[in-house]
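1. sequence first, then the predicted structure, then my questions.
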Amino acid sequence: MAEASVAPRNTPSLLTLAQRPYEARALRPIWLQIYDRLSEAIDSGLVAQGAKLPGEVQLAEMFRVNRVTMRRALALHQSEGKLQARKGVGIFVRQTPRAFVIQNDMRFSDSLIGCGQDVTSRTLRLERAAPSPEAARLFGLSPRDRVIVLHRMRLLDGAPIYFTRKELPAHRFPDFERLYERLQSVSAVYKASGIPWFRRAETRVQGGLATPDEAEILGINAKTPVQHVTAINRTADGAAIEYNRGCWAMASVEFVFVSPEG
């Protein structure tokens, strides 16, 4: 799908907003006045959700400032979640937070309510390794045992929105790599491994700030607010089969917890 961009008809209005006279620096620094004007453009819909902003150089020319000043205003919006920088692509207005349903046996793409956009996955790494202390306790493993570790990123219309590190007991899934390569779905691997149904037994959500590694994967600034989600999946008989730790940009998602009865 082609990247959204600021429509040509919006550019003159954005230019008009950019070229309004500035107040005295003593009243409010210029870079914060630019921040205010970008807020006005975003909040009013002058620049639509998902739209790509003009480049940093073009914006600096429009606002009649140097790139360092422009960059400070953009960086504050990125840290607050209104803008998202995609490495090598540009800066975009972030979409309204997506509702994500927490419910038993739901595929990730099905959990994004009313998404209407292309949800894709990218496997970052798949390996067998020693379990984390949390996974070792959950699965009853020793440090010498092995777990399957899957690092995966989810994208919405090509933009990263979430990434996860899953740990699964290796003895329970001896053919995981082969099955996952063919099926590209952990839920499908469950079924192919004789687990027709599982439940999300526990979900914990904790706010924090993006580490440099998390920021790099999600295309956000380091120390941007994020939500860390820890989840445990169990089989129908209560056996733990997955320890999952994920990270969302704070402004990208709203969690909806639904009972089994709906």
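-> The structure has been received and is ready for your questions. Residues are numbered from 1 along each chain as shown.
2. all helices for the stretch 151-262 of the chain, in order.
-> Counting by DSSP state H, counting those that start in this stretch, the stretch 151-262 of the chain has helices at residues 176-183, 186-192, 212-218.
3. from those helices, which stretch is densest packed?
-> Mean neighbour count (mean count of other C-beta atoms under 10 Å) peaks for helix 186-192 among the helices of the stretch 151-262 of the chain, with a mean of 19. All C-beta atoms are positioned from the backbone trio N, CA, C, and that covers glycine.
4. show me what that helix is in contact with.
-> The list of residues contacting helix 186-192 from outside it, by C-beta atoms under 8 Å, 6 or more residues apart in numbering, reads 105, 107, 150, 166, 168, 173, 176, 179-180, 183, 196, 198, 241-242.
5. adding distance to Y22 and mean pLDDT, write the helices of the stretch 151-262 of the chain out as TSV.
-> As requested, those are exported to TSV (distance: least, C-beta to C-beta, whole Å; pLDDT from 0 to 100):
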stretch	distance to Y22	mean pLDDT
helix 176-183	56	96
helix 186-192	53	95
helix 212-218	31	87
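6. compare the ones you listed and report which one is nearest to R64.
-> Set against R64 and scored by C-beta to C-beta, those come closest in helix 212-218, at 30.2 Å.
7. what residues sit buried inside the host helix or strand of R37?
-> Secondary structure assignment for R37, by DSSP states H and E: helix 30-43. Residues I30, W31, Q33, I34, Y35, R37, L38, A41, I42 are the ones in helix 30-43 that count as buried (16 or more other C-beta atoms under 10 Å).
8. just checking, next helix/strand downstream of that helix?
-> helix 56-63.
9. list the buried residues in that next one.
-> In helix 56-63, residues buried by neighbour count (16+ other C-beta under 10 Å) are L59, A60, M62, F63.
10. just the closest of these to S121, please.
-> Nearest to S121 among the buried residues of helix 56-63: L59, at 32.9 Å, using C-beta to C-beta.
11. all strands of the stretch 51-200 of the chain, in order?
-> Under the criterion DSSP state E, counting those that start in this stretch, the stretch 51-200 of the chain carries strands at the ranges 83-86, 90-93, 98-102, 119-129, 147-156, 159-169, 198-209.
12. take the ones you listed and lay them out in TSV including mean neighbour count.
-> Conversion of the strands of the stretch 51-200 of the chain to TSV gives the following (neighbours: other C-beta atoms under 10 Å):
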stretch	mean neighbour count
strand 83-86	21
strand 90-93	19
strand 98-102	16
strand 119-129	13
strand 147-156	20
strand 159-169	21
strand 198-209	14
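13. what's the closest of the ones you listed to N221?
-> Ranking the strands of the stretch 51-200 of the chain by distance to N221, with C-beta to C-beta as the measure, places strand 83-86 first at 7.3 Å.
14. and the closest one, which strands flank it?
-> In the sheet containing strand 83-86, the strands it pairs with under DSSP bridges are strand 90-93 (antiparallel).
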